[in-house]
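Q: Only the shape, not the letters, is given here:
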């Protein structure tokens, strides 16, 4: 026969203390005892001494009931608690706690150090998302609830919010509708708890409307004291003035029905597929005459009043009449007792961690005392054994023992040194492997850029690169500022051990036009980019700042690379910005298509400048800007100009060599306005640009130290 286990669930409400004792015998629940003790005064009344009233009720309860040997579970009221439901994307279970910690700090409207909070996941097998409930109560409210129990030496094992206890009761006791959603309303003295059970989901709301509002309506209607109005409300069903009493309370009935309708409407707006099939009424306030029928008519829902518990059988010693009369008020206490028996769906426990730790230590303390006694006995026996052995040893035997100990000590020191050296070598090997980890970054980035050049989906008019006169004529017939192609002249990359620091360090800086730095050489014309409206870096017609930035929603922290793309284009600023924006987006799409987005991620893109060259009179002979080596430096300052010569084959990554540009730009570069490119477009109509991509490399393969080489 299984061991017996009994628990008390105690709900200290505004009007009364309600308690129920359950015993589990071989899987069968039995109600062993119950008690309802009304307070001498409603706790929420202005002149009520709440601590004294609660203490008096608890003393009376303990004088009539034996709680020794039973686990105790108590409730904190719903109005003292905070509940928030959030949906998490599909993630690994081990990542949920860290995400929830962040959500708790964002969602809970109190200092996180001043609350006790827990969470519960509500997985739905039909949805990849995970709905999580955040439940929090201010620490002072929990300790205020526990204080009268501590004063009377009653150890509390479980603390739960009243709405969650009601949900546990409804689900375990099979009070919810078999299909669809069920709404439970628990009408207390000051507030009404609303709990929705909808398959794997739950939802709660607290209404600031309770039984006292009905009493106050009678006080105003009949000019009675609160106590007399409360008595009239409780006896209205048998009173000859029942009709007048109902009419006086009707406005409050209307308010309650409207709040319930609003709650149902809000829940169905969150879950469009939800259909309410049943309303279950509990709590002392649900005894009001006519309330059940009124709600059925107004809500167009079957309204059921709790009159029995399905999963627990009343014990032989219970007063059947009193038990049946009290069941309506025992919902919270019943749910608390079920949780103490570990039979509930929601098992969060708001008992402060420091109290729980103290309880665990107290349970282990006797075992520590026994262990200490055994240790002392063992130490004494060991010392006695050593003394006996020492007396038996002769001088030469004692010297031999010392030599053995000395050799053992030396061996242990050597072993420790070898282990330390092994760990150091292992660490060095890991660092070398880490240096080797992301050797494929630069080839991957070059391949992505090359894919964009060749991508006919992104560049639908790329055919002009074959040099056919028909395609060239199409471009000549297009207005200069609308000729949609760009020329990438250099692509640089630099490792950044802290990508966010690199972004912050570059914020607000507009690089000079010169000093581009070493790159991989010109990449050739990118071709006309496909149709795409202004957006991101290219959107808007107002004057731009020196830095136009587009950021993704991804984290910018961690290690990565700063990729700088430089080039020129005949497009005007707005169109050029839009097409460069498309270049960024297309690289991201191709990275995803090729499966590279698992390692590469553009977290921010900046168009640092996009400006037209400043032509000069070709009759003047400006000084020539010193040229940079081929494939290095800035082609607009005397380096390579891929637009000045013939176009190379579209399969080549490097652009063709061109003549030297003369004149000057807005930043001091020289441009001869009389010369034109292959398309007949004066160089003076070109714009030069510089884009910077901040690329985060995911994973753990990067070196910890900044490498000295720079590609």
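A: Right, received. Where do you want to start? Small disclaimer: the values here were computed from a predicted structure and weren't measured.

Q: residue ranges for the helices of the stretch 401-550 of the chain, please.
A: Assigned by DSSP state H, counting those that start in this stretch, the stretch 401-550 of the chain shows helices spanning 441-454, 469-476, 499-506.

Q: Could you check how many residues crowd around the nearest residue to residue 124 once chain neighbours are set aside?
A: Spatial nearest neighbour of residue 124, chain neighbours left out: residue 200 (4.7 Å); criterion: C-beta to C-beta, 6 or more residues apart in numbering. For the C-beta atoms, the positions are set from N, CA and C on the backbone; glycine is no exception. Using other C-beta atoms under 10 Å, residue 200 has 14 neighbouring residues.

Q: What lies in contact with stretch 41-57?
A: Outside of stretch 41-57, the residues within contact range by C-beta atoms under 8 Å, 6 or more residues apart in numbering are 12, 14-17, 37, 39-40, 147-148, 151-152, 189-190, 212, 226.

Q: Check what pLDDT residue 668 gets.
A: Note for residue 668: predicted pLDDT of 43.

Q: for residue 189, same thing?
A: Per-residue confidence (pLDDT) for residue 189: 89.

Q: Let's verify it: helix, strand, or coil?
A: Under DSSP: H, G, I helix; E, B strand; the rest coil, residue 189 falls in the coil class.

Q: do residue 574 as well
A: Judged by three-state DSSP, the three-state class of residue 574 is helix.

Q: With residue 307 instead?
A: Judged by three-state DSSP, the three-state class of residue 307 is coil.

Q: Phi and psi next, for it.
A: Main-chain torsions, residue 307, degrees, to the nearest 10: phi -130, psi -10.

Q: cool, and the one 3 residues further on?
A: Dihedral angles of residue 310 (phi, psi; degrees, to the nearest 10) stand at phi -80, psi -40.

Q: Nearest to residue 166, out of the helices of the stretch 401-550 of the chain?
A: Nearest to residue 166, of all the helices of the stretch 401-550 of the chain, is helix 499-506, at 46.8 Å by C-beta to C-beta.

Q: What residues sit buried inside that closest one?
A: Residues of helix 499-506 classed as buried by neighbour count (16 or more other C-beta atoms under 10 Å): 499-500, 502-503, 506.

Q: What's the PyMOL syntax to select whichever of the contacts of stretch 41-57 are buried?
A: This is the PyMOL syntax for the buried subset of the contacts of stretch 41-57, where burial follows 16+ other C-beta under 10 Å:
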select buried, resi 12+14+15+16+17+37+39+148+189+190+212
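
Q: follow-up on the earlier one: with distance to residue 409 added, can I get the buried residues of helix 499-506 in TSV?
A: Conversion of those to TSV gives the following (distance: C-beta to C-beta, whole Å):
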residue	distance to residue 409
499	51
500	51
502	53
503	56
506	59
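
Q: Go through those residues and name the one nearest residue 175.
A: residue 500 (52.9 Å).

Q: Check whether the closest one really touches residue 557, as I assumed.
A: Yes. Counting by C-beta atoms under 8 Å, residue 500 touches residue 557, with 4.9 Å between them.

Q: Let me know the average pLDDT across the helix or strand harbouring residue 374.
A: Applying DSSP states H and E as the criterion places residue 374 in helix 353-392. Averaging pLDDT along helix 353-392 yields 68.

Q: Secondary structure class of residue 273, three-state.
A: coil.

Q: Just want to check the distance between it and residue 77.
A: Separation of residue 273 from residue 77 (C-beta to C-beta, to the nearest Å) stands at 32 Å.

Q: returning to that earlier point: residue 126: which of the helices of the stretch 401-550 of the chain is closest?
A: Closest to residue 126 of the helices of the stretch 401-550 of the chain, according to C-beta to C-beta: helix 441-454, at 38.2 Å.

Q: all helices of the stretch 51-200 of the chain, in order?
A: Secondary structure of the stretch 51-200 of the chain, counting by DSSP H, counting those that start in this stretch: helices at 96-107, 139-151, 162-172.

Q: Show me what the shortest one is packed against.
A: Right, helix 162-172. Where contact means 3 or more C-beta pairs under 8 Å, 6 or more residues apart in numbering; DSSP states H and E, helix 162-172 is packed against strand 5-12, strand 71-76, strand 81-88, strand 181-187, strand 192-198, strand 201-207, helix 331-340.

Q: For the fifth one, name the packing helices and strands.
A: Based on contacts counted as 3+ C-beta pairs under 8 Å, 6+ apart, the elements that strand 192-198 packs against are helix 162-172, strand 181-187, strand 201-207, helix 242-270.

Q: Just name the most buried of those.
A: helix 162-172 (a mean of 27; mean count of other C-beta atoms under 10 Å).

Q: what's that helix in contact with?
A: With contact meaning C-beta under 8 Å, 6+ apart, helix 162-172 is reached by 9, 11, 75-78, 81, 83, 135, 175-176, 182, 184, 186, 193, 195, 197, 202, 204, 206, 280, 282, 311, 331-336, 338-339, 343-346, 348.

Q: got it, and stretch 223-239?
A: Here stretch 223-239 makes contact (C-beta under 8 Å, 6+ apart) with 42, 45, 211, 214-216, 218-219, 222, 241-242, 245-246, 249, 287-289.

Q: which non-adjacent residue is nearest residue 289?
A: Using C-beta to C-beta, 6+ apart and skipping the chain neighbours, the partner closest in space to residue 289 is residue 237 (4.3 Å).

Q: Let me know the secondary structure of that neighbour.
A: Assignment for residue 237 (three-state DSSP): helix.

Q: Count the neighbours of the closest residue to residue 331 other than its chain neighbours for me.
A: For residue 331, ignoring the flanking residues on the chain, the nearest one in space by C-beta to C-beta, 6+ apart is residue 282 at 4.2 Å. Neighbour count of residue 282, defined by other C-beta under 10 Å: 27.

Q: Contact partners for residue 282?
A: So residue 282 contacts 166, 184-187, 305-306, 328-329, 331 (C-beta under 8 Å, 6+ apart).
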